[in-house]
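**Student:** coordinates only, sequence not included:
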Ligand code: PMP
């Protein structure tokens, strides 16, 4: 395929291509990425590569063009790239399910291989609602979450996103009406734990499940909170007969310093959603795991099947790469790598707390956040980062980074400098 001149490509892009949350008011022209390798993106017309501070939204944990993941994709491509999953099964999907069951919190036994994070949340919600229907409790169909969350852009996930965050405000009123708790405080506070307990008790008759992002609320505001609340949720859900869903799509696979954020609290949810880093960012695949209690409950119902079956369910190519990505992660001392990045981000972002307009600087695992007291000008902040040789995607009042785990110390320092520059200028 001959290369299009950049100006023509951008012109066609402008005329025909939707981008996430686009077109944005006062939008900035996208950069044209020509290739990506290791932690670097090659941008058309830019003399120097950019260090990736975003891991393509939490996903490319091993960096790009990784020889092991490339080999896994190539080898699987020679066998089959896709076959339908209804009535057929195959080794990549079965292997992947077994790996996920083995590595995830004890008790999660059944795996639905979905094709995107949002779909895995839809499936999780369906599982919970159907579980209670099967048990003759159809009134239990609402969800409880805390404000400030983000769970995806399809219908049920949108209903548990932050209702005031702006992302889905347009749809309030037509989305399913869910129950919202206040956002979790950073530190453990008994009064907030009581707030959670009393809401769950009060709404228990209509609640199918509590769904939360454990420890880190990502796209809804990059907030961290005490793992202690996960134990409170587990106890209250058990006490009042409500299922517990952890959305670990962003936090899974080591990002917070534990393999799963649930591990910080030693809690097993009834249902857990995974995505993003599942395939090392190579392919679109996500997973919804559940316990035998949930799976068996569903199978005892009047309709004993989980009526969900996307065309690309269990995609062998994605499953093979996911297995390779998990083996790559678990085959190394990933805790030390995350700690190393955490230390680098802590040191590098410390000067940001002295900048005017900075409200908070926080780091957890391989996640660094600078929160401002105003919304950033995205174009200006992005340009400031690019000038430092780094790709970032600031939004709202946040300049943040979640670099690939293979980012070397000098590049971590460079990313931190870029975050500071974007916070200063944006
Ligand atoms: N849940 C969480 C916590 C997420 O961060 C995201 C993606 N930002 C999603 C769900 C939705 O995943 P996807 O974009 O793959 O549909």
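**Tutor:** Received the coordinates, thanks. Computed from a predicted structure; not experimentally measured. Residues are numbered from 1 along each chain as shown.
**Student:** ok, how many other residues are close to the residue of the stretch 251-400 of the chain found nearest the ligand?
**Tutor:** Among the residues of the stretch 251-400 of the chain, residue 275 lies nearest to the ligand; the distance is 4.9 Å by C-beta to the nearest ligand atom. C-beta here means a position set from N, CA and C on the backbone, and glycine is covered the same way. Counted by other C-beta atoms under 10 Å, the residues lying close to residue 275 total 28.
**Student:** heads up, I number from 24, so please use that
**Tutor:** Done: numbering now begins at 24, and the last item shifts to residue 298.
**Student:** which parts of the chain sit against the ligand?
**Tutor:** Within the chain, the positions adjacent to the ligand are 80, 139-141, 144, 173-175, 236, 241-242, 270, 272-273, 298 by C-beta under 6 Å from any ligand atom.
**Student:** ok, residue 439 - contacts?
**Tutor:** Residue 439 is in contact with 367, 368, 370, 371, 372, 391, 424, counting by C-beta atoms under 8 Å, 6 or more residues apart in numbering.
**Student:** hmm, 6 Å instead?
**Tutor:** Taking C-beta atoms under 6 Å, 6 or more residues apart in numbering as the criterion, residue 439 is in contact with 368, 371, 372.
**Student:** Using TSV, lay out these together with neighbour count, secondary structure and pLDDT.
**Tutor:** TSV is the format used below for the contacts of residue 439 (neighbours: other C-beta atoms under 10 Å; DSSP: H, G, I helix; E, B strand; the rest coil; pLDDT from 0 to 100):
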residue	neighbour count	secondary structure	pLDDT
368	28	helix	98
371	22	helix	98
372	25	helix	98
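**Student:** How about stretch 433-449, which residues are buried there?
**Tutor:** Judged by neighbour count (16 or more other C-beta atoms under 10 Å), stretch 433-449 contains these buried residues: 434-435, 437-447, 449.
**Student:** cool, stretch 252-259 as well?
**Tutor:** 252, 253, 255, 256, 257, 258, 259.
**Student:** on that earlier part again, and the gap between the residue of the stretch 274-423 of the chain closest to the ligand and residue 449?
**Tutor:** Using C-beta to C-beta, to the nearest Å, one gets 28 Å for the distance from residue 298 to residue 449.
**Student:** same deal with residue 270?
**Tutor:** Here the distance between residue 270 and residue 449 works out to 28 Å (C-beta to C-beta).
**Student:** Could you do residue 376 as well?
**Tutor:** Summarising the geometry, the distance separating residue 376 from residue 449, computed by C-beta to C-beta, is 16 Å.
**Student:** Any stretches of this protein with poor pLDDT?
**Tutor:** Within the chain, the set of residues satisfying pLDDT under 70 comprises 24-25, 47-50, 188-189.
**Student:** Apply 80 and report the result again.
**Tutor:** Under the criterion of pLDDT under 80, the regions of the chain flagged as low confidence span 24-25, 46-51, 188-191.
**Student:** Nearest to the ligand within it, name that residue for me.
**Tutor:** Closest approach of the chain to the ligand (C-beta to the nearest ligand atom) occurs at residue 140, with a separation of 2.2 Å.
**Student:** Quick check: the closest residue to that residue other than its chain neighbours vs residue 222, distance?
**Tutor:** Counting by C-beta to C-beta, 6 or more residues apart in numbering, residue 140 lies nearest to residue 298, which is 3.5 Å off, once chain neighbours are set aside. Per C-beta to C-beta, residue 298 is found 27 Å from residue 222.
**Student:** now swap in residue 400 and tell me
**Tutor:** Shown here: residue 400 relative to residue 222, a distance of 38 Å by C-beta to C-beta.
**Student:** Look at the two and report which has more neighbours.
**Tutor:** It is residue 222, of residue 400 and residue 222, that has more neighbours when counted by other C-beta under 10 Å, with 19 against 16.
**Student:** Now for the spatially most central residue of the chain: which residues touch it?
**Tutor:** By C-alpha atoms, centre = their mean, the chain has its centre lying nearest to residue 273, at 2.2 Å. Contacts of residue 273 were listed using C-beta under 6 Å, 6+ apart, and they are 81, 241.
**Student:** helix/strand/coil for it?
**Tutor:** Residue 273 carries the three-state label coil when classified by DSSP: H, G, I helix; E, B strand; the rest coil.
**Student:** what are the phi and psi values for it?
**Tutor:** Listed backbone geometry of residue 273 is phi -90, psi -40, with angles given as degrees, to the nearest 10.
**Student:** Please apply the same query to residue 320.
**Tutor:** Main-chain torsions, residue 320, degrees, to the nearest 10: phi -60, psi -50.
**Student:** Isn't it up against residue 157?
**Tutor:** Yes - A contact is recorded between residue 320 and residue 157 when judged using C-beta atoms under 6 Å, the distance being 5.3 Å.
**Student:** Residue 233 is in contact with residue 167, isn't it?
**Tutor:** Yes - the pair formed by residue 233 and residue 167 meets the contact definition of C-beta under 6 Å, at 4.7 Å.
**Student:** hang on, the earlier thing: mind checking which of the buried residues of stretch 433-449 land in helices?
**Tutor:** By the criterion of DSSP state H, membership of the buried residues of stretch 433-449 in helices covers 434-435, 437-447.
**Student:** In space, what's closest to residue 200 - neighbours in sequence excluded?
**Tutor:** residue 165 (7.2 Å).
**Student:** Contact partners for that neighbour?
**Tutor:** If you count contacts by C-beta under 6 Å, 6+ apart, residue 165 has them with 201, 202, 229, 230.
**Student:** bridging residues for it?
**Tutor:** The partner list for residue 165 in beta bridges (DSSP bridges) reads residue 230.
**Student:** Measure how buried residue 289 is and give me the count.
**Tutor:** Other residues lying near residue 289 total 13 when counted by other C-beta under 10 Å.
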